[in-house]
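Participant: need a structure here:
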Amino acid sequence: MNYIIDINAHIFVPVYTVNGHKAATLPRAQFKGRPGVYFIKENGILVYVGCSKTDVYETAYRHFQKWNDDRGYIRTTYADQLLFNNYTISVQATLPDDAQDVESAYIEKYKPRDNKYKLDHIEIRKYIRSIPASYEILETSPF
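Facilitator: As a prediction, the model looks like this:
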């Protein structure tokens, strides 16, 4: 199934109100607990594409909160920039197994500023898939 549509066809809504509360414009009931891909614009420019296989609503909003995560993941957060920039968000529902592939396709197509780390990983995955199956994987010697 082809999920990729022009980014300009997406409807972007405010993430937070002026006083810092979650905006009621992203329909929580429609996306809470569902898989999908989300898009974040900063001052009208697409800066990030992400996905969730389980709860796209909560995953998208995490980018606007402070994270205390010591697992070593690279996290993109806009919490410190809310007073200086206008953020809008759009969500596209997908099937759980399709979320990451759809996310990758959008990242490849639009190359958002804050997806550089993910774009590098997409290129690595494409390279690995391009290696012919006839190549043998050689184990390295511990010496």
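
Participant: neighbours around residue 54, how many?
Facilitator: As a burial measure, residue 54 scores 12 neighbours (other C-beta atoms under 10 Å). Where C-beta positions appear, they are placed from N, C-alpha and C, glycine not excepted.

Participant: how far away is it from residue 110?
Facilitator: Using C-beta to C-beta, to the nearest Å, residue 54 is found at 24 Å from residue 110.

Participant: roughly how far apart are residue 35 and residue 59?
Facilitator: Relative to residue 59, residue 35 is positioned 10 Å away (C-beta to C-beta).

Participant: what sits in contact with each of these two?
Facilitator: Contact with both residue 35 and residue 59 is made by residues 51, 52, according to C-beta atoms under 8 Å, 6 or more residues apart in numbering.

Participant: which stretches in the protein count as strands?
Facilitator: Assigned by DSSP state E, the strands in the chain fall at 13-14, 36-42, 45-52, 87-93.

Participant: let me have those in a markdown table, extended by mean pLDDT, mean neighbour count and distance to residue 114.
Facilitator: Formatted as a markdown table, the strands of the chain follow (pLDDT from 0 to 100; neighbours: other C-beta atoms under 10 Å; distance: least, C-beta to C-beta, whole Å):
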| stretch | mean pLDDT | mean neighbour count | distance to residue 114 |
| --- | --- | --- | --- |
| strand 13-14 | 80 | 14 | 19 |
| strand 36-42 | 93 | 23 | 8 |
| strand 45-52 | 94 | 21 | 4 |
| strand 87-93 | 89 | 20 | 12 |
